[in-house]
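Undergrad: What would the 3D arrangement of this be:
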Amino acid sequence: MAVSTVAVLGLTAACSGSGSDGKGDGDGGGKPSKSAQSGAPSATAKLEKAALASGDVKKYKVAKEPEGSKEPADSAARVNPAECRPLAEMLTAAAPPKSKAHVSRTLTSTDVADTTTTEVVLLAYGQADAEKTMDTLRTATKSRKCATFGDGGRRYIGVRPQPAPVGGDEAVSYKLASRAGEFLDRDRVTVVRSGSTLIAFRASNVFDPESAQADKEGEAAGLPEKFQDGVKADPKVADAIVDAQLAKLAEAK
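TA: Next comes the predicted model:
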C-alpha cells in the first residue's frame, strides 16, 4: 500500500484531552471532566476536526467509521513473531495501546474502474510514544523475521518496505498481502508523523487469479482494456488523498 507529500503541522501531546485546573460550566448533571472544565476540546474532537470529509478530495467519497465498530484490541498475544506487532497495529481502524485517541475515514473513488479502497486513520500520541512508534514500525518493515507474520488466523506475506513520502516530520511505508481463499488481499501502508500525531494511510485491493487469467487471454485476443476486469497492480494511496489530509491537519491546529 502508498504514498505522497506536503508539509504539515501536528496535533501535540495535549491531544490527551486532560486539561489543567479551570472553571467549567457543567450541566449540573455530574462532575464535568477536566477537559470540559478548561474548555479545551477533547483529543478525539481535535482529530475529528482534522479528518477528511466529503468534498475535501475530488472524485472520492468519504465515509466515517461507525462509532465503536472497531474497538482497541491488545494484539500482543495474536501477532507472531511479536516484533511484527507494529505492522499489524496499523492495519486496523482500532487504536494501538499507546495512542490517546483515534478517528478513521474510508475513501472510495467515484471511478468504478478504480477498485482500491483507502482507509485514513489519525492517531494522537504523546510525543515520545509517537517517535517510538515510528522507530519500531520502521524496524519491523526491515526485519527479515517480519517478511511473513501471523495475526490471529490471518497470515501476512510479502512484507516489504517501500519508498516513504517526504511530508511531515518522518514517514514509513510498507506493502504486504494475505490470502482469502483463492483471492489475494493486497495492502500498502504509509504512516506519517507530524509532531505527536500519526496518520496511517492504508490502500487495499483484491487480486483475483481467475479474472487476471481471463484478462490475459482477452488481451492476447485483442480485447480492449476497458473490458478487462482483473486488478493487476498493487494498491497505492492516491497523492490527492495524502495531500488533502496533511493540509487539513495543518489547518486544524
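
Undergrad: Count the neighbours of residue 110 for me.
TA: By the other Cβ atoms under 10 Å criterion, the neighbourhood of residue 110 contains 9 residues. C-beta: built from backbone N, CA, C; applies to glycine.

Undergrad: Leaving out chain neighbours, which residue sits closest to it?
TA: Distances taken as Cβ to Cβ, 6 or more residues apart in numbering place residue 59 nearest to residue 110, at 5.1 Å, with adjacent residues excluded.

Undergrad: Against residue 186, how distant is the one you found?
TA: Distance of residue 59 to residue 186, given as Cβ to Cβ, to the nearest Å: 22 Å.

Undergrad: Neighbour count for those two, which is higher?
TA: A count of neighbours by other Cβ under 10 Å puts residue 186 above the other of residue 59 and residue 186, at 21 against 11.

Undergrad: Now that one: closest residue in space that isn't a chain neighbour?
TA: residue 177 is the one closest to residue 186 (Cβ to Cβ, 6+ apart), at 4.6 Å.

Undergrad: didn't the one you found look like it was pressed against residue 184?
TA: Yes. Between residue 177 and residue 184 there is a contact under Cβ atoms under 8 Å: 5.4 Å.

Undergrad: Who has more neighbours out of the two?
TA: Neighbour comparison, residue 177 and residue 184: the larger count goes to residue 177, with 21 against 18 (by other Cβ under 10 Å).

Undergrad: Confirm that one sits in a strand?
TA: Yes. Looking at residue 177 with DSSP: H, G, I helix; E, B strand; the rest coil, it is inside a strand.

Undergrad: going forward, begin numbering at 33 instead of 1
TA: New numbering, starting at 33: the last item is residue 209.

Undergrad: Dig out what it forms beta bridges with.
TA: For residue 209, the beta-bridge partners are residue 189, residue 218 (DSSP bridges).

Undergrad: how close does it sit to residue 131?
TA: Noted for residue 209: a distance of 26 Å to residue 131, by Cβ to Cβ.

Undergrad: tell me the SS of residue 85?
TA: Put simply, residue 85 is coil when judged by three-state DSSP.

Undergrad: how deep is it tucked in, by neighbour count?
TA: By other Cβ under 10 Å, neighbour count at residue 85 equals 12.
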